[in-house]
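A.B. asks: Sequence and predicted model, in that order:
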Amino acid sequence: MKLKARAYNPRVRLQILAACFGVFALLLIARVAWMQLVDPDFYQQQGNARFLRELPIATSRGMIVDRNGEPLAVSTPVESVWANPKELLQAPEQMPKLAKALGIPRDVLEQRIAQRASKEFVYLRRHINPDDAQAVVALKIPGVYSSREFRRFYPHGEVMAHVVGFTNVDDLGQEGLELAFNDWLTGKPGAQKIIRDGSGHIVEKVDLVREAQPGKDLALSIDRRIQYLAYRELKSALISSQARSGSAVVIDVKTGEILAMVNQPSYNPNSRESSSPFLHRNRAVTDVIEPGSVIKSITVAAALENGVDPNIRIDTNPGIMALDKYSIRDTSNHGVVSLEGLLQMSSNIGAAKLAGNMSNAHLYDVLHRFGYGQSTNSGFPGESAGVLSPAQKWGPVEKATISYGYGLSVTPLQIAQAYATLANHGRMMTPTFVKSDELKTGTQVMDPLIADEVIAMLESVTNPGGTAQRAAINGYRVGGKTGTSRKFNAGGYSKRHISLFAGVVPLTDPKFAMVVVINEPAGRDYYGGLVSAPVFHNVMEGALRLMDVPPDNVAAWYDAKKPAAPVAAGNAPVATTVPAAAVEDVADDTSAVPGVRP
């Protein structure tokens, strides 16, 4: 039996199709309603992830200024060009044009992008002129952008390099006070939300997430003018003496503020990449030396505190003294000397005899109170505490050599602090690089009468007959002590020297303490009184004038202004290259007991 075929009904089919479309429409509406009303957050986040970005707002680092407000370190706005490798790799034909615009070899650029192909950020060039950066962006190469940054600039270059230090490419402190005060100087970047289109261009700035906070400024105790004086004179001394290196420190006696600190050789912090890291360290606080005869001032102070009669006479005859199996020598037989004469003629025998009459513990205690063997707490990164071995380890020979400056190691800053303490009536102030109007009390480490007595004795060193006549300043009373210590190497004490001078001015009311250290002068004149003392004279003469410090020796100033008496023919004195007094100091210092080390 044959079945009859069902008749075709287009109306029914249209109704079925319409019903299907209606169901799909209802499902779509339901889905949209769910996305918009019930669970919109997820999809909003997905959309934001593609178009909404949080853009950092660069902020500047705090400025560093000297005590008078002169800028020493400032931040200048620059641009950095960066790329999104994922976007840039989609237009490889643009690479040659981009490389030429950036001044980068094409192969170097392509390798850099290829290595970071999976990343969304890579710097192409940093810290360039804003106009040059905009010229690169104007090429409209996909995935290439620029951002604002700040670069550190040091107006005074190598003059301030060792104190101020420098920052790295990310504007973070790496050396000096830039490192020590990095948290204080560093600002907090801001942020804002923006919408970018598919090409990466900013369409709209949506919201400010947080404001940028610039870094705080830092006012140093350094006086730019005195720093320049010290730098110029130290560099001149190194050139004339053919020395290897040198350091100079100037301290305000009453406050402990460091007014100048320089080292040679130096470097330019604006182009530090071209300098050796060896040059970056601040030798005035990181390098240690044996101080030689400059320590004798503290030895005399310790003797006075131990009860020695200020009018004592010390017999140094016959210019040589046996101690155990060693001999301590003076350059010549000074005979019987006073404490002032001991300092003026720099007698090793006199210092050793003073030390021999006091206990190890007492001499150690005085040296330690004056800051030796411990950090000055100046806050400078990498500061050395030096070396002062425990008193119980000293034998008679060790104690004797320590009394005239061998067997202990100190920094130039420690020497400057010790002499500033003597000049401040025995009150020690913590050295600081930061200017402050806060009243400082310090720590009384010695009887003021004893400290004043030693300072008065030191004036003889700069007077006629003393070892530092070239440190004298017309119109001012100057006190100080020279030293010319031998350098120690693996085989013992060598023929290389360190020339030192530590001084104070004006003695009536001390304002400045300064130490000058010159390492390995190569000329014939390597004595402290001839190499280092003139640096003190030239710097302090200028500093006294700049700071309007009144003269305290007007009579000497008037005498110097009087016309010299005529000299009869044939009676003119014969000039000598090296004054005898200056030679005595170096010869005394270099007679260190052989083989004795801490």
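C.D. replies: The structure has been received and is ready for your questions. Residues are numbered from 1 along each chain as shown.

A.B. asks: burial of Ser236, as a residue count?
C.D. replies: Taking other C-beta atoms under 10 Å as the criterion, the count of residues near Ser236 is 14. No exception for glycine: its C-beta is placed from N, CA and C like everyone else's.

A.B. asks: Could you pull up the mean pLDDT of whatever helix or strand it lives in?
C.D. replies: Following DSSP states H and E, the helix or strand that holds Ser236 is helix 224-241. Per-residue pLDDT over helix 224-241 has a mean of 96.

A.B. asks: Can you name the next helix or strand after it?
C.D. replies: Scanning forward in sequence from helix 224-241, with DSSP H and E defining helices and strands, the next element found is strand 245-252.

A.B. asks: The helix holding Ser236 to strand 245-252, inter-axis angle?
C.D. replies: 150 degrees (axes from the mean of the first three to the mean of the last three C-alpha atoms, to 10 degrees).

A.B. asks: and helix 224-241, what other elements does it pack with?
C.D. replies: With contacts defined as 3 or more C-beta pairs under 8 Å, 6 or more residues apart in numbering; DSSP states H and E, the packing partners of helix 224-241 are strand 245-252, strand 258-264, strand 512-519, helix 533-546.

A.B. asks: what pairs with the first one, and is each one parallel or antiparallel?
C.D. replies: Looking at strand 245-252 with DSSP bridges, its partner strands are strand 258-264 (antiparallel), strand 512-519 (antiparallel).

A.B. asks: what does that strand contact?
C.D. replies: 221, 226, 230, 233-234, 237-238, 257-265, 283-284, 287, 412-413, 415-417, 420, 431, 511-520, 535, 539, 543 (C-beta atoms under 8 Å, 6 or more residues apart in numbering).

A.B. asks: Kindly report the same for stretch 269-283.
C.D. replies: By C-beta under 8 Å, 6+ apart, the list of residues contacting stretch 269-283 from outside reads 153-154, 157-158, 160-166, 175-176, 245, 247, 261, 263, 265-268, 287, 380, 382, 412.

A.B. asks: Now find how far off-centre that stretch is within its chain.
C.D. replies: Its chain's C-alpha centre and that of stretch 269-283 lie 11 Å apart, by C-alpha atoms, centre = their mean, to the nearest Å.

A.B. asks: same thing with stretch 383-401?
C.D. replies: For stretch 383-401, the separation from the chain centroid amounts to 28 Å (computed by C-alpha atoms, centre = their mean).

A.B. asks: Over to stretch 283-299?
C.D. replies: Shown here is stretch 283-299, whose average C-alpha point lies 19 Å from the average C-alpha point of the whole chain (C-alpha atoms, centre = their mean).

A.B. asks: repeat for stretch 360-373
C.D. replies: 27 Å.

A.B. asks: Contacts for it, please.
C.D. replies: Residues outside stretch 360-373 that contact it (C-beta under 8 Å, 6+ apart) are 295, 298-299, 301-302, 305-306, 355, 374, 385-388, 390-392, 394, 399, 402-403, 408, 410, 414, 417-418, 421, 428, 445-446.

A.B. asks: So for that stretch, mean pLDDT?
C.D. replies: Averaged across stretch 360-373, the pLDDT comes to 97.

A.B. asks: Check stretch 341-351 too.
C.D. replies: Stretch 341-351 shows a mean pLDDT of 93.

A.B. asks: Could you list which of the contacts of stretch 360-373 belong to strands?
C.D. replies: Among the contacts of stretch 360-373, the subset assigned to strands under DSSP state E consists of Met428.

A.B. asks: Looking at the contacts of stretch 360-373, which are in helices?
C.D. replies: Taking DSSP state H, the ones among the contacts of stretch 360-373 that sit in helices are 298-299, 301-302, 305, 355, 399, 402-403, 414, 417-418, 421.

A.B. asks: Just the buried residues of those residues.
C.D. replies: Buried by 16 or more other C-beta atoms under 10 Å: 298-299, 301-302, 305, 355, 399, 402-403, 414, 417-418, 421, out of the ones in helices among the contacts of stretch 360-373.

A.B. asks: Show me which pair in those residues is furthest apart.
C.D. replies: Comparing all pairs in those by C-beta to C-beta, the longest separation belongs to Lys399 and Gln417, at 23.0 Å.

A.B. asks: For Arg210, grab the count of nearby residues.
C.D. replies: Per other C-beta under 10 Å, the neighbour tally for Arg210 reads 11.

A.B. asks: Need the phi and psi values for Ala502.
C.D. replies: When quoted as degrees, to the nearest 10, the phi and psi of Ala502 stand at phi -120, psi 130.

A.B. asks: Begin at 56 from now on, thanks
C.D. replies: In the new numbering, first residue 56, that becomes Ala557.

A.B. asks: Isn't it up against Gln472?
C.D. replies: No - shown here, Ala557 and Gln472 do not form a contact pair, counting by C-beta atoms under 8 Å, at 10.3 Å.

A.B. asks: quick revisit: in TSV: the buried ones among the ones in helices among the contacts of stretch 415-428, plus distance to Ser382 and pLDDT.
C.D. replies: Compiled in TSV, those are given as follows (distance: C-beta to C-beta, whole Å; pLDDT from 0 to 100):
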residue	distance to Ser382	pLDDT
Ile353	24	97
Thr354	19	97
Ala356	26	97
Ala357	24	97
Glu360	29	97
Ala410	16	95
Lys454	16	95
Ile457	17	95
Ser458	15	95
Gln469	30	98
Gln472	33	98
Ala473	29	98
Thr476	33	98
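
A.B. asks: what would the helices and strands packed on helix 279-296 look like in CSV with distance to Glu514, mean pLDDT and mean neighbour count?
C.D. replies: Rendered in CSV, the data for the helices and strands packed on helix 279-296 read as follows (distance: least, C-beta to C-beta, whole Å; pLDDT from 0 to 100; neighbours: other C-beta atoms under 10 Å):
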stretch, distance to Glu514, mean pLDDT, mean neighbour count
strand 300-307, 19, 97, 26
strand 313-319, 22, 97, 27
strand 567-574, 14, 97, 28
helix 588-601, 14, 96, 22
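
A.B. asks: Between the ones you listed, which one is closest to Arg541.
C.D. replies: Closest approach to Arg541 among those is made by strand 567-574 (12.1 Å; C-beta to C-beta).

A.B. asks: Helix 588-601 and the closest one, what's the angle between them?
C.D. replies: With the same axes, to 10 degrees defining the directions, strand 567-574 sits at 150 degrees from helix 588-601.

A.B. asks: Tell me which other helices or strands the next helix or strand after strand 567-574 touches.
C.D. replies: The C-terminal neighbour of strand 567-574 among helices and strands, as given by DSSP H and E, is helix 583-586. For helix 583-586, the helices and strands in contact under the criterion 3+ C-beta pairs under 8 Å, 6+ apart are strand 534-544, strand 547-560, helix 635-644.

A.B. asks: Could I get the buried residue list for the second one?
C.D. replies: For strand 547-560, a neighbour-count test (16+ other C-beta under 10 Å) marks Tyr548, His552, Ile553, Ser554, Leu555, Phe556, Ala557, Gly558, Val559, Val560 as buried.

A.B. asks: pLDDT (mean, whole number) over it?
C.D. replies: Confidence over strand 547-560, taken as the mean pLDDT, stands at 89.

A.B. asks: partners of it, with directions?
C.D. replies: Using DSSP bridges, the strands paired with strand 547-560 in its sheet are strand 534-544 (antiparallel), strand 567-574 (antiparallel).

A.B. asks: And it, how far out from the chain middle?
C.D. replies: 22 Å.

A.B. asks: now the angle between helix 351-360 and that strand, please.
C.D. replies: Computed by the same axes, to 10 degrees, the angle between strand 547-560 and helix 351-360 is 70 degrees.

A.B. asks: next one: the first one
C.D. replies: Here strand 534-544 runs at an angle of 120 degrees relative to helix 351-360 (the same axes, to 10 degrees).

A.B. asks: Which residue ranges of the stretch 56-205 of the chain form helices?
C.D. replies: Per DSSP state H, counting those that start in this stretch, the stretch 56-205 of the chain carries helices over the ranges 65-88, 95-106, 140-143, 150-157, 161-170, 185-192.
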